[in-house]
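[1] Okay, sequence plus prediction incoming.
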Amino acid sequence: MTDHIIQPTTIEAENASREANLRRDYDSLGERLDRRGIAIDAIKQKVAAFSVAVPSWGVGTGGTRFARFPGKGEPRDIFDKIEDCAVIAQLTQATRTVSLHIPWDKADPNRLKQAASRFNLGFDAMNSNTFADAKGQMQSYKFGSLSAADKATRDQAIEHNLECIEIGKTIGSKALTVWIGDGSNFPGQTNFATQFEHYLDSMKAIYAALPDDWRLYSEHKMYEPAFYSTVVQDWGTNYLIAKELGDKAFCLVDLGHHAPNVNIEMIVSRLAQFGKLGGFHFNDSKYGDDDLDAGAIDPFRLFLVFNELVDAEERYADFAPAHMLDQSHNVTDPIESLMLSAADVQRAYAQALLVDRKGLKAAQEGNDALGATQALRLAYRTDVEPILAMARLEQGGAIDLLATYRASGYRQKVAEVRPEIAAGSSGIV
């Protein structure tokens, strides 16, 4: 039997005051969609089946390079993090898995599995960390990890990733995500070709240890902390890596890791077309990796990404990219941000499902630019909130996520038992 952090009676009471209006809104939307030849229940079923993973580190307060201001009731360890993730899953019914980051979340794998199973949670991709030095490690990653000039440092980074795979095998994960901060800060500091050779050799050693049913995701990022050059700096390099490694290697696209004018949805299409789109880290950005809440800045872009994903689902067999949130919550309650972000990712998916694909194709083939973009705008401007809320209601979730969470008093309760963390530290969690 699944344990519940928030009492189901609290959710039921909150839903009771909103259910009648929701059903009226749902029926009204259903009538309007029916006139467009769309069955609202079919859309609701797809939305209900959709899931986005929660990052374990996301339930803690983030920070900038300058400072971090911890919030009340900060999780003390991975087991507190799992409980916070369980709250998100209980209310949204859309976050069924947790993605761990090692060594931040290192614990006995069997305990991890037991803790998650209490709440019917699974584990998504494992995340290795060779962009920071862990306590007690022999070699420093100051000048690189998988691509470091020093072989002992590269070997250490490889071993860490192999350890992540072993932990993942025990807890039921099926993927490893590798992001490195390797690069250079001064011209001439490194030889570009030699550095990339080191990286590929290291990744090949990791790839060789993957179980047959696992995937390896490589993640690109333009800059930071390597501001002059970054080893895996864009989707082209990422694609080269995935092709070089083999069939189990894929590219991971973080929406925040791009310059403002980059056409991310076209990158999504390209990688899907050539079978190397592995998954996403959903967030939003004002400029290159702010890690803001998904849809906070450019919800239309999020919709356009899902428009390409829905198109790819129809085009390619066995197309099943992984979905995960990856955000830094500096001024909000992380649970609130993650709940609303999960709903906004679902919202973009639901809107993309409403696109008239036949009409869009006809407009495209007829060079009707306005007709094509209007087909997208019609879907995007449709308020799909009744579909999302009804899917939550029917699965035992909350109609109003924010109001129900706040009514539960969860943050206040955990603040009473989790020691307050002193402010003043720097860097993200």
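    Cool, the structure landed.
[2] residue boundaries of the strands in the protein?
    For the chain, the strands defined by DSSP state E cover 54-55, 97-99, 101-102, 122-123, 126-128, 175-178, 183-184, 215-219, 229-230, 249-254, 277-282, 322-325.
[3] now the second one, how far from the centre of its chain.
    This points to strand 97-99. Remark: strand 97-99 is offset 9 Å from the chain centroid, using CA atoms, centre = their mean, to the nearest Å.
[4] Which positions in it come out as buried?
    97, 98, 99 (16 or more other CB atoms under 10 Å). Glycine gets a C-beta too; all of them are placed from N, C-alpha and C.
[5] Contacts only, for residue 41.
    residue 30 (CB atoms under 8 Å, 6 or more residues apart in numbering).
[6] let me redo that: residue 224
    Residue 224 is in contact with 181, 288, 289, counting by CB under 8 Å, 6+ apart.
[7] Of the strands of the chain, which stretch is the most buried?
    Burial of the strands of the chain is given as mean neighbour count (mean count of other CB atoms under 10 Å); strand 54-55 ranks first at a mean of 29.
[8] thinking again about what came up before, nearest to residue 303 among the strands of the chain would be which one?
    Minimum separation from residue 303 across these (CB to CB) falls at strand 277-282, 12.2 Å.
[9] And that closest one, what does it pack against?
    With contacts defined as 3 or more CB pairs under 8 Å, 6 or more residues apart in numbering; DSSP states H and E, strand 277-282 has these neighbours: strand 215-219, strand 249-254, helix 299-315, strand 322-325.
[10] export these to a markdown table and tack on distance to residue 262 and mean pLDDT?
    A markdown table is the format used below for the helices and strands packed on strand 277-282 (distance: least, CB to CB, whole Å; pLDDT from 0 to 100):
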| stretch | distance to residue 262 | mean pLDDT |
| --- | --- | --- |
| strand 215-219 | 15 | 98 |
| strand 249-254 | 11 | 98 |
| helix 299-315 | 10 | 97 |
| strand 322-325 | 20 | 98 |
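[11] Next, format those as JSON lines and append distance to residue 74.
    Below are these laid out as JSON lines (distance: least, CB to CB, whole Å):
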{"stretch": "strand 215-219", "distance to residue 74": "26"}
{"stretch": "strand 249-254", "distance to residue 74": "24"}
{"stretch": "helix 299-315", "distance to residue 74": "28"}
{"stretch": "strand 322-325", "distance to residue 74": "18"}
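[12] mind checking which of the ones you listed is nearest residue 350?
    Minimum separation from residue 350 across these (CB to CB) falls at helix 299-315, 8.7 Å.
[13] What are the contacting residues of the closest one?
    Counting by CB under 8 Å, 6+ apart, 255, 264-266, 268-269, 272-273, 277, 280, 282, 284, 294-295, 319, 321, 344-345, 347-349, 351-353, 355, 357, 376, 379-380 sit against helix 299-315.
[14] ok, now how distant is the nearest residue to residue 104 once chain neighbours are set aside from residue 101?
    Nearest in space to residue 104, with sequence neighbours left out and distances taken as CB to CB, 6 or more residues apart in numbering, is residue 57 at 6.3 Å. Between residue 57 and residue 101 the computed distance is 5 Å (CB to CB, to the nearest Å).
[15] again, but for residue 83
    Distance of residue 83 to residue 101, computed by CB to CB: 17 Å.
[16] Same check on residue 407?
    31 Å.
[17] Residue 2 too?
    The gap separating residue 2 from residue 101 is 25 Å, by CB to CB.
[18] likewise residue 380?
    33 Å.
[19] Mark which of the contacts of residue 224 are buried, thanks.
    Buried among the contacts of residue 224 (16+ other CB under 10 Å): 181, 289.
[20] can you tell me which of the contacts of residue 224 lies nearest to residue 414?
    Among the contacts of residue 224, and counting by CB to CB, the member closest to residue 414 is residue 289, at 29.2 Å.
[21] quick one, what contacts the closest residue to that closest one other than its chain neighbours?
    Excluding its sequence neighbours, the residue lying closest to residue 289 (CB to CB, 6+ apart) is residue 256, at 4.6 Å. Listed by CB under 8 Å, 6+ apart, the contact set of residue 256 reads 281, 283, 284, 285, 288, 289, 290, 291, 292, 326.
[22] switch to 10 Å and redo it
    Neighbour list for residue 256: 221-222, 264, 281-292, 294, 297, 326-328 [criterion: CB atoms under 10 Å, 6 or more residues apart in numbering].
[23] Pull up the overlap in contacts between residue 57 and residue 101.
    In contact with both residue 57 and residue 101: 78, 81, 127, 129, 429, using CB under 10 Å, 6+ apart.
[24] just checking, the third one touches residue 160?
    What that stands for is residue 127. No: in this structure, residue 127 is not within contact of residue 160 by CB atoms under 10 Å, at 11.2 Å.
[25] what residues do those two have in common as contacts?
    residue 102.
[26] which residues does the closest residue to residue 199 other than its chain neighbours contact?
    Excluding the flanking residues, the one nearest residue 199 by CB to CB, 6+ apart is residue 147, at 3.9 Å. Residues in contact with residue 147 (CB under 10 Å, 6+ apart) are 130, 153-154, 157, 180, 182-183, 190, 194-203, 231-232.
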